[in-house]
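*Asks:* Below: sequence and its predicted model.
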Amino acid sequence: MADPVFEFVGANPFDLSNVGSRAKPSLVDIDNDGDFDAFIGDNNGNTRFFKNIGSPNHPFFAAAVNNPFGLRNAYGIASPTFVDIDGDGDLDAFIGTYYGGTLFFRNTGTMNVPAFSESGSFGLVIVEGIAIPSFVDIDGDGDLDAFIGTGASRYGGDYGGDVVFFKNTGTLSSPAFSAISRNPFGLSNVAFSASPTFVDIDDDGDQDAFIGNRTGDTQFFRNIGTPRNPSFAASELNPFGLLEVGFNATPTFVDIDSDSDLDAFIGNSAGDAQFFVNNGLLLANTLGNDILTGTPSSNDTLTYASATGPVTVSLNITTQQNTVNAGLDTIIQVENLIGSNFADNLTGNSANNILEGRGGNDTLTGWSGADTMIGGSGNDTYFVENSKDVVTENSSQGTDLVSSRLTYTLPANVENLTLTGTAAINGTGNDLNNTLTGNNAANELNGQAGNDRLVGGGGNDTLIGWSGADAMIGGPGNDTYFVENTGDSVTENLNQGTDLVSSRLTYTLPANVENLTLTGTAAVNGTGNGQANLITGNPAANQLKGLAGNDILDGGTGNNVLTGGTGNDFFRFSTTGHVDRITDYNVANDTVQLDNAVFVALTATGTLAAGRFRVGAQALDANDNVLYNKTAGTLWYDADGNGTGAAAQIAVIGSGLNLTNADIVVI
């Protein structure tokens, strides 16, 4: 006996579309072309047809057509199903209605070109409330019997969720139904609307029952009888990975991708068909020493859900391994693992594995395949080894960590990321309060939203806090910090490289950070610390203060105010067209720097040649390129050096200074 493993993929796959409300899907090969077409009933009484224009293993549905091939509106909720009720080789249609009746449409066309004609329904009677029919040979006598789920209990009043059984007492070609019982063979009331369907889900030769209910759950009744004498065990809620889908679950099962197992489509009251792919065989581990062998070329799953403690299991080990709390197991040709409710250590192999931790603080290691890792509740750790690995966490399921050798962006609901290995890779957070930790190479860490903690590690790292109040710690190396929030903090220890803060905000350098660059277009200010700082302005009017240390202040293109503070400071001019004011220029200690790429007439770098400097208001000969007006305290640049062209003021430096060419350096 083999149970399936369902994985939720999403709503309305393969280009199906929302039908508005109360979706009831039915998938059959209506045109005999080898693939499954979709019929979906809706809340307005329509049966919408989606033709499969793809292939048997790659379905793709065309746009919907209402009530095709002679079907009609059912006036209220439509619940279609299709079976060959008269044994003529084509599919006939039954449509349950809001008023409890079941409409029958005989297929008078062919297997390839259906044409429906409405007629009587072989003795099926009106049930109380919404009718949702399903047909199956439940007793192995060669004809199809009917089960009709109801929206209200015919027998007990209220909205009971009964399933009414109609035995087929006719023949394969001439059916005749008589109502026998409600909830037969051990089926039980599912509360409110019942939507039954029957398939041999465990491949044991008899028909099992799935019944959707009004709360959006699917109840499973395993057939523990025989093909001729069914007997259903007590129900299980949303088994094998199925999920609650909202309200009014209407399940149906079909091998939509031609991989020899049954996939699930579950309609809901929102008008969607929720799709669950069947990922293959489920092997149940016992607490003994087991040999667990999957099926070649299949997609098998081993579960340790019944373990009484944490397990350590690796699909990469094909010899006997100690699982700690579930015996000495040998695992062969298994692709997927489900852990226990404890702190498990699950490892994949080179295949594309699905690892599911369930409860506990689990460690999931994908290995080399394109793996899907699902931690479940608890503080889980994921080891990512492949760029196509997928990590899945739901909200409020603990504080989780991804450890990655690759450039990685945290998915939703995962808090922390650690980069490993020696490559220069990058890490990006999400909207949570993340901790991003680099390796010893040059990393870029991007916090995104949230109040993040970014730790560079070794290497020349770039730390980008983004919108939250972030704590950024560079570590050894020449690190760059991008400050975007007044609550951001930057931490560097002594002798850990030459570091830079890039800020859109007014900012004061913390200890052990050397350089500051103002960005953006706002008139913000920058202040240094006790070290030798390089502080650079943006295009606006900035106030730059060096404080202690031998600082370099470069105002940029705005009209800036520059204050060197104590120390031997350098006032750098790397653009023209603006005038900076230096508040504390000291001839004995400070220096003016002029960029040779901008002040091209100065030609040579180094201390300005004496002939190119003049104290006075106007150039007198061809070499008077830098002028100091001692009375006005202004500094000018004259490109032609002789006063023919107008000189450009570059600074207010202070009047009465004993300024000489030695105080000016061309860089």
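*Replies:* Perfect, I can see it now.

*Asks:* Using PDB, write down the CA coordinates of stretch 52-61.
*Replies:* C-alpha atoms of stretch 52-61 as PDB (Å, rounded to 0.1, in the frame of the first residue of the first chain):
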ATOM      1  CA  ASN A  52      -6.700  21.600 -22.800                       C
ATOM      2  CA  ILE A  53      -4.600  22.900 -25.800                       C
ATOM      3  CA  GLY A  54      -1.400  21.600 -24.300                       C
ATOM      4  CA  SER A  55      -0.200  18.000 -24.000                       C
ATOM      5  CA  PRO A  56      -0.800  15.100 -21.700                       C
ATOM      6  CA  ASN A  57       2.200  15.900 -19.600                       C
ATOM      7  CA  HIS A  58       2.300  19.700 -20.100                       C
ATOM      8  CA  PRO A  59      -1.300  20.900 -19.800                       C
ATOM      9  CA  PHE A  60      -2.400  24.400 -20.900                       C
ATOM     10  CA  PHE A  61      -6.000  25.500 -20.900                       C
END
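
*Asks:* Show me the contact partners of stretch 101-116.
*Replies:* By C-beta atoms under 8 Å, 6 or more residues apart in numbering, the list of residues contacting stretch 101-116 from outside reads 30-33, 69-72, 74, 85-86, 88-97, 117-122, 124, 126, 131, 133, 148. Heads up, the C-betas are built off the backbone N, CA and C, glycines and all.

*Asks:* 6 Å instead?
*Replies:* Here stretch 101-116 makes contact (C-beta atoms under 6 Å, 6 or more residues apart in numbering) with 30-32, 69-71, 89-96, 117-119, 121, 124, 126, 131, 133.

*Asks:* which among the residues you listed end up buried?
*Replies:* 30-31, 69-71, 90-96, 121, 124, 131, 133 (16 or more other C-beta atoms under 10 Å).

*Asks:* Narrow these to those in strands?
*Replies:* Among these, the residues falling in strands (DSSP state E) are 92-96, 131, 133.

*Asks:* ok, and for stretch 41-54, which residues are buried?
*Replies:* For stretch 41-54, a neighbour-count test (16+ other C-beta under 10 Å) marks 41-52, 54 as buried.

*Asks:* Format the residues you listed as JSON lines; extra columns: pLDDT, distance to residue 544 and secondary structure.
*Replies:* As requested, the buried residues of stretch 41-54 are arranged in JSON lines below (pLDDT from 0 to 100; distance: C-beta to C-beta, whole Å; DSSP: H, G, I helix; E, B strand; the rest coil):
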{"residue": "41", "pLDDT": "98", "distance to residue 544": "72", "secondary structure": "strand"}
{"residue": "42", "pLDDT": "98", "distance to residue 544": "68", "secondary structure": "coil"}
{"residue": "43", "pLDDT": "95", "distance to residue 544": "68", "secondary structure": "coil"}
{"residue": "44", "pLDDT": "96", "distance to residue 544": "70", "secondary structure": "coil"}
{"residue": "45", "pLDDT": "97", "distance to residue 544": "74", "secondary structure": "coil"}
{"residue": "46", "pLDDT": "98", "distance to residue 544": "71", "secondary structure": "coil"}
{"residue": "47", "pLDDT": "98", "distance to residue 544": "74", "secondary structure": "strand"}
{"residue": "48", "pLDDT": "98", "distance to residue 544": "68", "secondary structure": "strand"}
{"residue": "49", "pLDDT": "98", "distance to residue 544": "72", "secondary structure": "strand"}
{"residue": "50", "pLDDT": "98", "distance to residue 544": "66", "secondary structure": "strand"}
{"residue": "51", "pLDDT": "97", "distance to residue 544": "70", "secondary structure": "coil"}
{"residue": "52", "pLDDT": "96", "distance to residue 544": "68", "secondary structure": "strand"}
{"residue": "54", "pLDDT": "90", "distance to residue 544": "65", "secondary structure": "coil"}
